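Colleague: Mind looking at a prediction? Sequence and model below.
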Amino acid sequence: MTARFDLTGKTAVVTGANTGLGQAIAVALAEAGAGIVAVGRSAMDGTEALVGATGRPFRAVTADLATLEPIDRVVAEAAGLGRIDILVNNAGIIRRADAIDFTEQDWDAVLDVNLKSVFFLSQAVARRMLADGRGGKIVNVASLLSVQGGLRVASYTAAKSGLAGLTRLLACEWASKGINVNAIAPGYFRTNNTQALQDDPERSAAILARIPAGHWGRPEELGGAAVFLASAAADYVHGIVLPVDGGWLAR
Ligand code: NAP
């Protein structure tokens, strides 16, 4: 059975892989055997060292996914490591303000990175996967705010809710072509994304009190779900949003 989770010989493109959840996902996929193409706007040194320690191939592709401009180049450079078998759309930003004061700039910035670029990168990679004739796996990093409302993060909730819908649409269109599209919905993990919440003693305590597992997520606790959805073990899994949240949604 373990062979079904083995990613040896596969190439995985992971966006936003320099830190946080993207780095943890890249390392987990490498530990399962995949070569990693780490896409992002910051240096990937830490991720390169961690992936290198697994003995798997690694390539960094510099790209700012705030616009669609780099997408064709990202796919071309990623394919240089071999076929693209797996795409993890992890890069994302968040802007916090009361809805009553929310600006167009904070709306557009989040929608552009968290939804628009995800769609067009998925489209470009899927075209490549279909041309290669062997299908593949696309894993989107969604959020609890794909299914809940949240507070003070209007554009983020809109984008992540949209991403859940997009995950289902792409699954419906591409399942028969051999491409699995699914999402992971992380709960509250200790990364840059949640720094403001971690720094707010009241919010931080309230969040912790609601997590049945009794601790904030550690990035490495997301790796197993990513490996599963990227592997043959998930060949008949299409269009799901898999919570990895310490039981938050069960509460
Ligand atoms: P993070 O540490 O802030 O990581 C975000 C990643 O996205 C970084 O690598 C960042 O690169 C990259 N990124 C942002 N804007 C980009 C752009 N324009 N072009 C290329 N890369 C860009 O936070 P994280 O928690 O690991 O977030 C990863 C994903 O998980 C996000 O989609 C986030 O919404 C989602 N998520 C996180 C949590 C959580 O509790 N932490 C919960 C639910 C969902 P830089 O380092 O260069 O900024």
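Modeller: Structure received.
Colleague: Please enumerate the strands of the stretch 101-250 of the chain.
Modeller: 136-141, 179-186, 241-244 (DSSP state E, counting those that start in this stretch).
Colleague: so where is the stretch 1-150 of the chain shaky, pLDDT-wise?
Modeller: For the stretch 1-150 of the chain, applying pLDDT under 70 flags no range at all.
Colleague: Chain neighbours aside, what residue packs nearest to the residue most central in space within the chain?
Modeller: Centroid-nearest residue in the chain: residue 90, 2.6 Å away (criterion: C-alpha atoms, centre = their mean). For residue 90, ignoring the flanking residues on the chain, the nearest one in space by C-beta to C-beta, 6 or more residues apart in numbering is residue 22 at 4.0 Å. Glycine gets a C-beta too; all of them are placed from N, C-alpha and C.
Colleague: hang on, that neighbour packs against residue 14?
Modeller: Yes. With contacts counted by C-beta atoms under 8 Å, residue 22 reaches residue 14, the gap being 5.5 Å.
Colleague: between the two, what contacts are shared?
Modeller: Here residue 22 and residue 14 have 38, 88, 90 as joint contacts, going by C-beta atoms under 8 Å, 6 or more residues apart in numbering.
Colleague: Counting neighbours, which bits of the longest helix along the chain end up buried?
Modeller: Identified as the longest helix of the chain according to DSSP state H is helix 154-174. Across helix 154-174, burial judged by 16 or more other C-beta atoms under 10 Å covers 154-164, 166-168, 170-171, 174.
Colleague: what ranges do the helices span in this structure?
Modeller: 20-31, 45-54, 71-79, 104-111, 117-132, 154-174, 195-199, 201-210, 223-230.
Colleague: how about these in CSV, adding distance to residue 95?
Modeller: Output for these, formatted as CSV (distance: least, C-beta to C-beta, whole Å):
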stretch, distance to residue 95
helix 20-31, 17
helix 45-54, 25
helix 71-79, 23
helix 104-111, 4
helix 117-132, 16
helix 154-174, 6
helix 195-199, 11
helix 201-210, 16
helix 223-230, 25
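Colleague: Of those helices, give the one that comes closest to residue 250.
Modeller: Smallest distance to residue 250 across the helices of the chain (C-beta to C-beta): 10.5 Å, for helix 201-210.
Colleague: Which elements pack onto that closest one?
Modeller: helix 195-199 (3 or more C-beta pairs under 8 Å, 6 or more residues apart in numbering; DSSP states H and E).
Colleague: Rounded mean pLDDT for the helix it packs on, please.
Modeller: Taken as a whole, helix 195-199 has an average pLDDT of 93.
Colleague: Check which helices and strands it sits against.
Modeller: Counting contacts by 3+ C-beta pairs under 8 Å, 6+ apart, helix 195-199 is packed against helix 201-210.
Colleague: Pull the distance from the helix it packs on to the chain's centre.
Modeller: Relative to its parent chain, helix 201-210 has a centroid offset of 25 Å by C-alpha atoms, centre = their mean, to the nearest Å.
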